[in-house]
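Novice: pasted the sequence and its predicted model underneath.
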Amino acid sequence: MTDNSEPRIRRRTVLLGSGATAAALAVGAVGSRQPTAAEDETDRTAPVAAAAVCTLTKELTEGPYYLDGALVRADLTEGKPGIALKLALTVVDNSTCAPLNRALVELWHSDALGEYSGFVGANGHQEPDNGTFLRGGVLTGTDGVATITTIYPGWYRGRCVHIHVKVHTNVTLTSDGSFRGGRELHTGQLFVDEAITTAVARVSPYSTNTVARTTLAQDGIYGNGGTAAGLMTVTGSPSAGYTGSLALGIAQG
């Protein structure tokens with residue numbers, strides 16, 4: 001299973017901050033420091049503040065495993081085993097850096113053994129596939145923040161650990177809990193520092209994934225703009241779980 005084929009790039013977006021500004025705001029930089037014992041049990045996810053400087057960056061490929069009609073929900077896990085990952089993603093308008101209210105932030109990614117719902121079996125792992133695990137999204141609040149609970153992704157052939165993301169506006173929420181329509185403003189991918197993935201790979205069920213792991217340095221998509229586009233700030237540990245944050249500036253024009 002691999003989604004490093006020719007990228008389908010359709011739009012351009014921005015990521016907040018650059019250089020020292022980005023590091024100070026935890027935008028596009030990774031904190032791999034392990035927490036103290038007191039911090040270990042504390043949820044440290046916090047919205048990333050909007051910056052005064054916005055830097056244009058490329059989108060990244062949607063890949064072959066996107067499915068329309070994802071559920072609108074804050075918890076994507078559906079009982080999938082893995083290390084908890086809580087995300088706070090801040091969406092802002094690139095021209096004003098003002099937070100976007102009611103933007104739908106949609107995520108999808110593989111499970112600990114590298115399988116996507118709707119495509120189970122391609123990484124050598126077989127189980128009934130209900131087509132929705134580790135897929136879904138939420139609307140941002142007035143602060144532009146979407147808070148989502150999932151698990152740390154696994155890996156599959158040819159790709160580093162990553163999470164796919166789309167941002168939509170003006171969506172219609174349906175009676176079955178999904179969304180339809182709207183305007184798609186951003187397609188990208190979220191990444192995590194390699195040291196954190198190395199620690200995760202030692203823990204079950206990730207340790208049972210027998211597929212050779214592709215690192216960030218070996219990944220063609222990450223190397224083609226991923227560093228600027230989606231390297232999250234992540235803190236935590238395998239025992240307590242992880243929290244991640246990133247700010248995305250969206251071009252609405």
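Specialist: Happy to help now that I have it.
Novice: switch to C-alpha atoms for all contacts and neighbour counts from now on
Specialist: OK.
Novice: tell me which stretches of the chain form helices.
Specialist: 19-25, 37-40, 194-200, 220-221, 227-230 (DSSP state H).
Novice: which of those helices has the lowest average pLDDT?
Specialist: Ranked by mean pLDDT, the helices of the chain end with helix 19-25 in last place, scoring a mean of 31.
Novice: in the stretch 51-200 of the chain, which segments are predicted with low confidence?
Specialist: Within the stretch 51-200 of the chain, the ranges that satisfy pLDDT under 70 run 51-58, 122, 124-130.
Novice: which ones are touching Glu184?
Specialist: Going by C-alpha atoms under 8 Å, 6 or more residues apart in numbering, Glu184 touches Lys166, Val167, His168, Thr169.
Novice: how about the contacts made by the last one?
Specialist: The one in question is Thr169. Arg102, Ala103, Leu104, Gly182, Arg183, Glu184, Leu185.
Novice: what is the nearest of the residues you listed to Thr215?
Specialist: Leu185 (28.5 Å; C-alpha to C-alpha).
Novice: please verify my assumption that that closest one contacts Val167.
Specialist: Yes. Taking contacts as C-alpha atoms under 8 Å, Leu185 lies within contact range of Val167: 5.6 Å.
Novice: and of the contacts of Glu184, the nearest to Tyr116?
Specialist: Lys166 (16.4 Å).
Novice: beta-bridge partners for that closest one, please?
Specialist: Beta-bridge partners of Lys166, counted by DSSP bridges, are Glu106, Thr187.
Novice: how about it, what does it touch?
Specialist: So Lys166 contacts Val105, Glu106, Leu107, Glu184, Leu185, His186, Thr187, Gly188 (C-alpha under 8 Å, 6+ apart).
Novice: most neighbours, which of those?
Specialist: Counting neighbours by other C-alpha atoms under 10 Å, His186 leads the contacts of Lys166 with 26 neighbours.
Novice: I figured it hits Val167, correct?
Specialist: Yes. Look at His186 against Val167 with C-alpha under 8 Å: they come within range, at 5.1 Å.
Novice: how many other residues sit next to Ala195?
Specialist: Other residues close to Ala195 by other C-alpha under 10 Å number 10.
Novice: repeat for Glu78
Specialist: Around Glu78 there are 11 residues (other C-alpha under 10 Å).
Novice: you'd agree it is up against Leu134?
Specialist: Yes. Taking contacts as C-alpha under 8 Å, Glu78 lies within contact range of Leu134: 7.3 Å.
Novice: isn't Ile221 right up against Gly63?
Specialist: No. Using C-alpha under 8 Å, Ile221 is not in contact with Gly63, being 10.2 Å away.
Novice: re earlier: want to throw the contacts of Lys166 into JSON lines with distance to Val161?
Specialist: Putting the contacts of Lys166 into JSON lines (distance: C-alpha to C-alpha, whole Å) gives the following:
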{"residue": "Val105", "distance to Val161": "19"}
{"residue": "Glu106", "distance to Val161": "17"}
{"residue": "Leu107", "distance to Val161": "14"}
{"residue": "Glu184", "distance to Val161": "24"}
{"residue": "Leu185", "distance to Val161": "24"}
{"residue": "His186", "distance to Val161": "20"}
{"residue": "Thr187", "distance to Val161": "17"}
{"residue": "Gly188", "distance to Val161": "14"}
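Novice: just the residues you listed now: which is nearest Val91?
Specialist: So of the contacts of Lys166, ranked by how close each gets to Val91 (C-alpha to C-alpha), first place is Val105, at 8.5 Å.
Novice: so who does that closest one touch?
Specialist: Gly137, Val138, Leu139, Thr140, Ala146, Val165, Lys166, Val167, His168.
Novice: show the buried residues in these.
Specialist: Taking 16 or more other C-alpha atoms under 10 Å as the criterion, what is buried in the contacts of Val105 is Gly137, Val138, Leu139, Thr140, Ala146, Val165, Lys166, Val167, His168.
Novice: which parts of the chain are strands?
Specialist: 12-16, 54-58, 84-93, 104-108, 135-139, 145-151, 162-169, 172-173, 179-180, 183-191, 233-237, 241-250 (DSSP state E).
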